[in-house]
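Participant: Have a look at this fold, sequence not included:
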C-alpha cells in the first residue's frame, strides 16, 4: 500500500513543475521571448512613448538651462537668486515626488497625470512671461512671483518625468532586450534637447543683431 501512495522524487518534481507552469503556453512564450530592434520599432505605442519622453526631457532640460539666465537678467540686484530659484524648483520636484502616490490615486491614468503636470508647467511659464513683460514696459519686477513660478515648474516637471518614465517601463515590461528601448529614448532626449537649445540660441543671436542694427 505504501508503494502505491508514494511517488518517486522524479515524478513528484514533474508534478510540481506542471502545477507551477500551468499557465497557457502562449503566455509563457511571450514572457520568455525577446524583441529585436526591428520588432521594437513595429511595437504599438513605441514611437508615441519615445516622442513623449523626448519632449518631457526637452521641457526639463530647457528649464534647468535657462532659469539661471532668467534670474541673472531680471534680478541683478539679487545675485543669490541664481542659486535660490533653481533650489526652489528642486524643492517643488521633491514635493511632487513625495505626493506622487496620492496624486496617482486622485488622478488615475497616465493622461490625467500628464495633463496635471502640463498645467503646472504652463502656469509657471506664464508667470515668468508676464513678469518679464511687466519689467519691459516699465513696471517693477516682483521677485516673490518668481519663486511661486519656480515651485510650479518643479512640481510640473517632476510629474511629467515620473509619468513618462513609467510609460517607458510599462512598454518594456519583462523583455530581456528592453535596454534597446531605454537607449533609443535617451538618444531621442539628447537629440531633441540639443536641437531645441540650438534653435533658441540662434534666434536669440538674430534678435540681438536686429536690436543692434536698430540702435545704429
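Facilitator: Yep, it's here. Quantities reported herein were computed from a predicted structural model and do not represent experimental measurements.

Participant: Which pLDDT value belongs to residue 103?
Facilitator: pLDDT for residue 103: 81.

Participant: So which residues of this protein form helices?
Facilitator: For the chain, the helices defined by DSSP state H occupy 2-5, 9-20, 25-32, 37-41, 46-74, 81-98, 100-106, 110-136, 143-172, 179-215.

Participant: Adding mean neighbour count, write the ones you listed out as CSV.
Facilitator: Quick note: C-beta positions are derived from backbone N, CA and C, even for glycine. Converted to CSV, the helices of the chain look like this (neighbours: other CB atoms under 10 Å):
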stretch, mean neighbour count
helix 2-5, 6
helix 9-20, 10
helix 25-32, 10
helix 37-41, 13
helix 46-74, 17
helix 81-98, 18
helix 100-106, 13
helix 110-136, 16
helix 143-172, 20
helix 179-215, 13
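
Participant: What's the per-residue pLDDT of the residue nearest the centre of the chain here?
Facilitator: Central residue of the chain (CA atoms, centre = their mean): residue 161, 2.2 Å from the mean position. Looking at residue 161, its pLDDT is 91.

Participant: is it true that it touches residue 56?
Facilitator: Yes. Between residue 161 and residue 56 a contact is recorded at 6.0 Å, counting by CB atoms under 8 Å.

Participant: Contact partners for residue 68?
Facilitator: The neighbours of residue 68, taking CB atoms under 8 Å, 6 or more residues apart in numbering as the test, are 82, 85, 86.

Participant: Could you measure from the first one over to residue 147?
Facilitator: Just to be clear, that refers to residue 82. 13 Å (CB to CB, to the nearest Å).

Participant: Check the second one too.
Facilitator: Here the distance between residue 85 and residue 147 works out to 7 Å (CB to CB).

Participant: State the distance from the nearest residue to residue 142 once chain neighbours are set aside to residue 186.
Facilitator: Leaving aside its sequence neighbours, residue 142 sits nearest to residue 131 (CB to CB, 6 or more residues apart in numbering; 6.7 Å). From residue 131 over to residue 186 the distance is 34 Å, taken as CB to CB.

Participant: and if you look at residue 53?
Facilitator: 9 Å.

Participant: same question, residue 111
Facilitator: 24 Å.

Participant: got it, and residue 159?
Facilitator: Separation of residue 159 from residue 186 (CB to CB) stands at 20 Å.
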